[in-house]
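structural data only, the sequence is not supplied:
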């Protein structure tokens, strides 16, 4: 699956780097929608998307392109997180729960949820910053906040810097990948493979255990 995704991205990027006007008209809205979707449905590799967009922006040669990638990715991640948190709160208030809340519970391993609740009690919502940088760490911490009845406003205060740090981290991965290769598609493939490999670490650790 990883190789197939990398191949698709490489084929699309190999054709040409679109001019900045085209990237603004198509690339940024697409990035925004996909990152929001990935925050709501945690199966979309949003980190790989941000890194790939950063590679393309890097080869545009304009610092404003990288700035736009950062701002769009961070805002989309924040909006998606708040939307998912709101849906989770609705599930807690309803008698039968909700499918969003059930999916959060299914995706949060019991041991990771216990760790998240302990860290939340110790550090408060600041733990959100680290949770977004650790692969598969966002959902357990969000669920812990929901179960602890953390108000949405307080959650937002911790989630905003978390989304900014997340967008900056994956953008740096994209810039590094873009700077190592002369052709954009090579940098995109490197960024995608690296982000997917990092995201697969928690799953491999659980299987080894």
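All right, it came through fine. As the structure is a prediction and not an experimental result, all values here were calculated from the model.

what is whichever helix in the chain runs longest packed up against?
Determined from DSSP state H, the single longest helix within the chain is helix 63-93. Under the contact criterion of 3 or more CB pairs under 8 Å, 6 or more residues apart in numbering; DSSP states H and E, the helices and strands touching helix 63-93 comprise helix 28-40, helix 46-60, helix 99-107, helix 138-147, helix 152-180. In short, each C-beta sits where N, CA and C put it, glycine included.

residue 151 and residue 60: what is the separation?
41 Å (CB to CB, to the nearest Å).

more neighbours: these two, which one.
Taking neighbours as other CB atoms under 10 Å, residue 151 and residue 60 compare with residue 60 leading, 18 against 11.

roughly how far does that one sit from residue 175?
Taking CB to CB, one finds residue 60 at 12 Å from residue 175.

one more: residue 118?
Going from residue 118 to residue 175 by CB to CB gives 35 Å.

which of these two has more neighbours?
The residue with more neighbours, out of residue 118 and residue 175, is residue 175; 19 against 12, by other CB under 10 Å.

surely the more buried one touches residue 66?
Yes: proximity of residue 175 to residue 66 meets the contact threshold set by CB atoms under 8 Å, at 7.1 Å.

overlap of the contact sets of the two?
54, 58 (CB atoms under 8 Å, 6 or more residues apart in numbering).

quick one: buried residues of stretch 105-124?
By 16 or more other CB atoms under 10 Å, the buried positions in stretch 105-124 come out as 105, 107, 108, 112, 113, 115, 116, 117, 119, 120.

before we move on, what about stretch 27-37?
Neighbour-count burial for stretch 27-37, with 16+ other CB under 10 Å as criterion, is recorded at 27, 28, 31, 32, 34, 35, 36.

okay, who's weakest in those by pLDDT?
When it comes to pLDDT, residue 27 is the least confident member of the buried residues of stretch 27-37, at 75.

from residue 110, how far off is it?
Taking CB to CB as the measure, residue 27 falls 40 Å from residue 110.
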